[in-house]
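Chemist: prediction below, plus the sequence it came from.
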Amino acid sequence: MSSFCFSEAHEMFRKEVRAFSRKELAPGAKERARLDHYPKEMVRKIGKQGLYGVNLPEEYGGQPADWVSVGIVAEELARVDFSGAVLLHHAEGSCLTLAQGPKAMQVEWAPPIIAGEKIAAFLVTEPDHGSDAAAMETRAIRDGDDYVITGEKTAITYGLQADMGLLWAKTDPSQKAHGVTCFLLPLDLPGITKSRFPDLGWRQTGRASIILDNVRLPARYRIGEEGQGFYSVMGAFDLIRVLLCLEAIGMAAASLDDAIAYAKQRTAFGQPVAKFEGVSFTLAEDYTMLEAARLLCYRTLSLRDQGVRHTKESAMCKLLCPKVAAEIQHHVLLLHGHIGYTEDYPVEQRLRDTIGLEIGDGTAQIMKIIVARELLGREFLPY
Ligand SMILES: Cc1cc2nc3c(=O)[nH]c(=O)nc-3n(C[C@H](O)[C@H](O)[C@H](O)COP(=O)(O)OP(=O)(O)OC[C@H]3O[C@@H](n4cnc5c(N)ncnc54)[C@H](O)[C@@H]3O)c2cc1C
């Protein structure tokens with residue numbers, strides 16, 4: 001058991017990121033949240049600030065730091081601009097995955113992703129296989145110097161806007177996880193069609209289905225060896241899950257700040273509603289749960305910084321944080337009474353986006369399976 005606390009450098013960095021977010025991202029955030037896409041100039045703005053390259057290689061435009069600092073960026077961006085924060089875990093996760101591919105591929109793709117010039121998506125889920133990702137059916141068949149790819153990937157965040165996708169497909173359909181290979185797929189190749197989901201939240205991220213109809217992909221776009229792809233995605237998920245959780249926490253923290261200010265100024269029965277324990281105790285409980293969830297995330301990132309395996313801890317974060325954050329958003333919405341129910345206040349948008357975080361990258365049930373497997377041993381899995 002290792003301890004964790006923020007260093008002075010972490011606190012300074014948080015202040016810098018918060019100041020940038022308030023100045024550059026907060027203006028217009030409410031209006032932007034109604035768009036069906038995330039403006040490219042916003043992606044560039046965050047990239048130019050260096051925030052999509054924290055703890056990524058300097059030779060590609062990244063800046064030296066630790067994983068705790070990446071978590072700080074996730075939390076602070078999400079406080080004001082959830083869609084921009086999502087692109088943080090896309091940048092970090094895609095660069096980690098690219099690092100397992102050929103150098104030329106990294107040189108071509110990592111710098112524009114870090115700079116906010118290009119967007120990466122993750123193509124894992126299929127219409128018939130979500131939680132059981134290893135059962136995927138999308139096929140990549142070797143044909144000379146190419147692979148020919150056929151299948152459908154679905155629920156793909158930024159599927160409409162992304163320039164490339166990290167694609168996981170079966171090269172050996174007789175195997176489950178051991179038959180999965182990872183590829184970089186430029187999303188403008190012939191044979192690719194996309195369609196949008198009419199979503200409850202995450203509207204700017206344009207979640208989409210991507211149909212691959214005999215897409216010819218040069219073999220040099222393969223990442224790692226055939227059959228090794230499933231293990232590369234799982235490594236990136238250990239990081240991505242914690243960043244997603246800190247996005248949920250950032251949004252919940254922003255809503256709790258709003259709730260505290262509102263409870264002090266809103267009066268009922270001749271008193272500020274903050275004086276009623278029915279209100280103040282809920283705020284106290286929510287603050288406590290949020291702080292516990294937050295610390296679990298940062299401690300998990302500090303384990304990653306120490307090179308300690310943290311699959312169980314990442315799954316614990318994903319099991320706990322989006323649920324806690326969704327409950328907080330619901331409480332804050334109710335505290336604002338009928339006003340909280342309107343689109344004039346950001347809490348309804350944060351609640352919708354947080355519910356998406358309960359599903360994306362694995363549901364709570366799947367996280368329990370991972371935690372139980374790590375606690376009890378693989379031989380006690382139900383399948
Ligand atoms: C906002 C959002 C963004 C997303 N972004 C992406 C993305 O960028 N790329 C991508 O590839 N995918 C993405 N997804 C897809 C997401 O990862 C899947 O939706 C998720 O893994 C669940 O898969 P499913 O929807 O097929 O549900 P299913 O697997 O069909 O599960 C249905 C229900 O059964 C439960 N269940 C399944 N198996 C078990 C079990 N063994 N024990 C107990 N309960 C079980 C699940 O928890 C769930 O409640 C996104 C989803 C959302 C909502």
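Modeler: Received the coordinates, thanks.
Chemist: which residues of the chain lie near the ligand?
Modeler: Counting by C-beta under 6 Å from any ligand atom, the residues of the chain close to the ligand are 121-125, 130-131, 155-157, 202, 207, 356, 359-363, 365-366, 369. C-beta: built from backbone N, CA, C; applies to glycine.
Chemist: and the residues you listed, which are buried?
Modeler: Neighbour counting by 16 or more other C-beta atoms under 10 Å classes 121-125, 130, 155-157, 202, 207, 356, 360-363, 366, 369 among these as buried.
Chemist: how distant is the helix or strand harbouring residue 317 from the center of its chain?
Modeler: Element membership for residue 317 (DSSP states H and E) is helix 311-335. Here helix 311-335 is found 14 Å from its chain centre; the criterion is C-alpha atoms, centre = their mean, to the nearest Å.
Chemist: do stretch 320-336 as well
Modeler: That offset, for stretch 320-336, works out to 19 Å (C-alpha atoms, centre = their mean).
Chemist: contacts for that stretch, please.
Modeler: Residues outside stretch 320-336 that contact it (C-beta atoms under 8 Å, 6 or more residues apart in numbering): 244-246, 248-249, 251-252, 255-256, 258-259, 262-263, 273, 279, 282-283, 286, 289-290, 292-293, 296-297, 340-341, 345, 347-348, 350-351, 354-355, 357-358, 364.
Chemist: which non-adjacent residue is nearest the residue of the stretch 1-150 of the chain found nearest the ligand?
Modeler: Residue nearest to the ligand within the stretch 1-150 of the chain (C-beta to the nearest ligand atom): residue 130, separated by 1.8 Å. Nearest residue to residue 130, sequence neighbours excluded (C-beta to C-beta, 6 or more residues apart in numbering): residue 155, at 7.3 Å.
Chemist: distance between the ends of stretch 121-133?
Modeler: Terminal residues of stretch 121-133 are spaced 16 Å apart (C-alpha to C-alpha, to the nearest Å).
Chemist: got the contact list for it?
Modeler: Applying C-beta under 8 Å, 6+ apart, the external contacts of stretch 121-133 come out as 90, 93-94, 135-138, 151-159, 162, 164-168, 185, 187, 209-210, 230, 233, 362-363, 365-366.
Chemist: low-confidence stretches in the stretch 51-200 of the chain?
Modeler: Within the stretch 51-200 of the chain, no range satisfies pLDDT under 70.
Chemist: which parts of it are strands?
Modeler: Using DSSP state E, counting those that start in this stretch, the strands found in the stretch 51-200 of the chain span residues 120-123, 139-143, 146-156, 164-170, 180-186, 192-196.
Chemist: quick one: closest of those strands to residue 215.
Modeler: strand 146-156 (4.5 Å; C-beta to C-beta).
Chemist: which of the helices or strands spans residue 44?
Modeler: helix 40-48.
Chemist: quick one, what contacts residue 297?
Modeler: If you count contacts by C-beta under 8 Å, 6+ apart, then residue 297 has 71, 242, 245, 246, 249, 317, 321 around it.
Chemist: and what about it, helix, strand or coil?
Modeler: helix (DSSP: H, G, I helix; E, B strand; the rest coil).
Chemist: so how far is residue 351 from it?
Modeler: Separation of residue 297 from residue 351 (C-beta to C-beta, to the nearest Å) stands at 20 Å.
Chemist: and stretch 48-62, what's buried?
Modeler: 49, 50, 51, 52, 53, 54, 55, 56, 57, 60, 61, 62.
Chemist: was I right to think residue 206 contacts residue 198?
Modeler: No - using C-beta atoms under 8 Å, residue 206 is not in contact with residue 198, being 11.0 Å away.
Chemist: compare neighbour counts for the two and give me the winner.
Modeler: A count of neighbours by other C-beta atoms under 10 Å puts residue 206 above the other of residue 206 and residue 198, at 23 against 6.
Chemist: quick one: the helices in the protein?
Modeler: Assigned by DSSP state H, the helices in the chain fall at 8-20, 29-32, 40-48, 67-80, 82-98, 103-114, 229-265, 277-305, 311-335, 337-340, 347-359, 364-376.
Chemist: got the domain ranges for the protein?
Modeler: 8-118, 121-227, 230-380 (automatic domain parsing).
Chemist: mind listing what the residue positioned nearest the centre of the chain touches?
Modeler: Nearest to the geometric centre of the chain sits residue 244, at 3.9 Å (C-alpha atoms, centre = their mean). Counting by C-beta under 8 Å, 6+ apart, residue 244 makes contact with 74, 89, 318, 322, 357, 360, 361.
Chemist: against residue 86, how distant is the residue in the stretch 201-350 of the chain that the ligand sits nearest to?
Modeler: Nearest to the ligand, among the residues of the stretch 201-350 of the chain, is residue 202, at 4.6 Å (C-beta to the nearest ligand atom). Applying C-beta to C-beta, the value for residue 202 to residue 86 is 8 Å.
Chemist: residue 152: what's it in contact with?
Modeler: Contact analysis of residue 152 by C-beta under 8 Å, 6+ apart lists 126, 127, 138, 209, 210, 211, 212.
Chemist: from those, which would you call buried?
Modeler: Buried members of those, counted by 16+ other C-beta under 10 Å: 126, 138, 209, 210, 211, 212.
Chemist: if I look at the residue nearest to the centre of the chain, how far off is residue 92?
Modeler: 11 Å.
Chemist: how about residue 68?
Modeler: 13 Å.
Chemist: before I go, just wanted to say thanks for your time.
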